[in-house]
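Enquirer: Have a look; sequence and predicted model below, questions after that.
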Amino acid sequence: MAERFVTVDRDTPMLLPPDLRDWVADDDLVHFIIEAVDRLPLSSFKTNTRGCGNAQMPSH
């Protein structure tokens, strides 16, 4: 039986950096926004409990 392996081209550069924040300057407003959202009390937001629509992002 022939084995089926995915061919990997190790010389192809990545399309995106491992961490997208690497593309953003240290003094960019997005860092403030990320920190502000991280401080929000997410338990006070409503979530979709009907089971329809797209899956919701897991909370960390």
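Expert: Yes, it's here.

Enquirer: T47: what secondary structure?
Expert: Following DSSP: H, G, I helix; E, B strand; the rest coil, T47 is assigned to coil.

Enquirer: Number of residues surrounding it?
Expert: 9 (other C-beta atoms under 10 Å). C-beta coordinates here come from the backbone N, C-alpha and C atoms, glycine included.

Enquirer: Could you check how far it is from V24?
Expert: As judged by C-beta to C-beta, to the nearest Å, T47 and V24 stand 29 Å apart.

Enquirer: go on, L16?
Expert: Taken as C-beta to C-beta, the span from L16 to V24 is 13 Å.

Enquirer: next one: I33
Expert: From I33 over to V24 the distance is 11 Å, taken as C-beta to C-beta.

Enquirer: got it, and F32?
Expert: Distance from F32 to V24, by C-beta to C-beta: 11 Å.

Enquirer: Neighbour count: the two, which is higher?
Expert: Shown here are F32 and V24; by other C-beta under 10 Å, V24 has more neighbours (13 against 10).

Enquirer: List the residues that contact that one.
Expert: By C-beta atoms under 8 Å, 6 or more residues apart in numbering, the residues touching V24 are 30-31.

Enquirer: Let's see that with 7 Å instead.
Expert: V30 (C-beta atoms under 7 Å, 6 or more residues apart in numbering).

Enquirer: how about it, phi and psi?
Expert: Main-chain torsions, V24, degrees, to the nearest 10: phi -110, psi 140.

Enquirer: Check it and give its pLDDT.
Expert: In this model, V24 is scored at 89, pLDDT.

Enquirer: Now for D27, how many residues are close by?
Expert: Based on other C-beta under 10 Å, the number of other residues close to D27 is 7.

Enquirer: now swap in L15 and tell me
Expert: Around L15 there are 5 residues (other C-beta under 10 Å).

Enquirer: And the one 3 residues further on, by the same measure?
Expert: Other residues near P18 number 7, with proximity taken as other C-beta under 10 Å.

Enquirer: Please identify the helix or strand for it.
Expert: If you go by DSSP states H and E, P18 is not part of any helix or strand.
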